[in-house]
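[1] sequence plus predicted model, see below.
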Amino acid sequence: MSESDENRLAAALARLDAAGDVSEVEAVRIDALGKQGWISQALKTLGTMDPEARAAAAPRIQALRAELSDAIAAKKDALEAAELSARLAAETIDLTLPAPEAPRGTIHPVSQVMDELAEIFADMGFAVATGPEIEDGWHNFTALNMPESHPARAMHDTFYFPDRNAAGEEMLLRTHTSPVQIRAMQEQGAPLRIIAPGRVYRSDSDATHTPMFHQIEGLVIDKGIHLGHLKWTLETFLRAFFERDDVTLRLRPSYFPFTEPSVEVDVGYSLVNGKRVIGGSEGWMEVLGSGMVNRRVIAAAGLDPDEWQGFAFGTGVDRLAMLKYGMDDLRAFFDGDVRWLAHYGFAALDVPTLSAGVGVAA
Ligand code: PHE
């Protein structure tokens, strides 16, 4: 321990005082407190001293170290605070400037229609449920009464992943929103009233098919549910969605592995200037798949089919949007062409509400 250590401390403090940025502070720290720094070296010499000399020297060196560390920390804080206030001063916004043009982005018709559907079904007591787009074969097929050998499984044009999951299940991009039926029943039990809008994938591409598209699933599980409930629900939904009281439904027998009986639902349309408009009954157009939930599906999801019954339906959201808002090429939905979006998109503040009519004046 020597006089020169006191001098070195004074020099370091002076250098700190003059430092204009954090890197200069760091240089002072390394010089004194780094591995090869003079204070670190002085601390090392303590071990070689005899006890008396060490007792005298140790408190002095420790005091030097404490004083310098405190000064370094204080200087760092001061520099950081100065930097922050400089940035805050530079980033002010002049609120007296004229406002920018109105936001030019629009809500995509698919998002708009999903919001409309959520609003309509919320009014009937349905909650929104979700599930993963990367599904396993059990949820997408097996639990929906499509075992590995089932022909419907091959008909789905499924995108598979190369590897199976840890449980040995094949992994895929979900081909429909129906696996959310299974997940909702497993997670929430019964009674249950949900809709599940979302993306689905099939290896198919032409003017009316895209590899990714949107569906919405509906599921009601309760006691004593029958086809009448299904028909009323779909009628109420389609009338609210198309905003017409003359929407008529036609239920046709059909087949889905996960519903029994299964019904396909057509809506009546009329021709206005050669264009199909929903309402009336000049012709029929298929819009929905539905039916009473198959007992095997209820059981697969862990509920007792003797106690619980239900109905389910599924339909294409893109298709509903086209029918309501008059687009005729599905592919344009996914092109991201700003001219198309400016024409068919919706203003961000046009939030659908039942009281104002869920749709937006076209
Ligand atoms: N999942 C069926 C499809 O993608 C639609 C559907 C859903 C049918 C629910 C019946 C019940 O075609």
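    All right, it came through fine. Residues are numbered from 1 along each chain as shown.

[2] show me where this structure has its helices.
    Taking DSSP state H, the helices of the chain run over residues 3-18, 22-33, 38-45, 51-90, 109-123, 137-140, 151-155, 179-188, 227-242, 295-300, 317-325, 338-344.

[3] out of those, nearest to the ligand?
    helix 179-188 (7.3 Å; CB to the nearest ligand atom). C-beta here means a position set from N, CA and C on the backbone, and glycine is covered the same way.

[4] for the closest one, buried residues please.
    179-185 (16 or more other CB atoms under 10 Å).

[5] stretch 308-318 now?
    Using 16+ other CB under 10 Å as the test for burial, stretch 308-318 gives 308-318.

[6] again with stretch 262-273
    Buried, per 16+ other CB under 10 Å, within stretch 262-273: 262-269.

[7] now the helices of the chain as a markdown table including distance to the ligand and mean pLDDT?
    Below are the helices of the chain laid out as a markdown table (distance: least, CB to the nearest ligand atom, whole Å; pLDDT from 0 to 100):
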| stretch | distance to the ligand | mean pLDDT |
| --- | --- | --- |
| helix 3-18 | 71 | 88 |
| helix 22-33 | 60 | 92 |
| helix 38-45 | 71 | 89 |
| helix 51-90 | 53 | 91 |
| helix 109-123 | 14 | 95 |
| helix 137-140 | 10 | 96 |
| helix 151-155 | 10 | 79 |
| helix 179-188 | 7 | 98 |
| helix 227-242 | 10 | 96 |
| helix 295-300 | 10 | 98 |
| helix 317-325 | 11 | 93 |
| helix 338-344 | 25 | 92 |
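
[8] tell me who's in contact with the one residue in the stretch 201-350 of the chain that gets nearest to the ligand.
    Across the stretch 201-350 of the chain, no residue is closer to the ligand than residue 314, which sits at 2.6 Å (CB to the nearest ligand atom). Counting by CB atoms under 8 Å, 6 or more residues apart in numbering, residue 314 makes contact with 176-178, 215-218, 288-290.

[9] now swap in residue 127 and tell me
    Applying CB under 8 Å, 6+ apart, the residues contacting residue 127 are 193-195.

[10] who does it form a beta bridge with?
    On the basis of DSSP bridges, residue 127 is bridged to residue 194.

[11] which residue packs closest to residue 123, ignoring adjacent ones?
    residue 354 (5.5 Å; CB to CB, 6 or more residues apart in numbering).

[12] ok, the residue most central in space within the chain - contacts?
    Residue closest to the mean C-alpha point of the chain, counted by CA atoms, centre = their mean, is residue 130 at 9.6 Å. By CB under 8 Å, 6+ apart, residue 130 lies in contact with 180, 196, 198.

[13] could you check how far it is from residue 216?
    12 Å (CB to CB, to the nearest Å).
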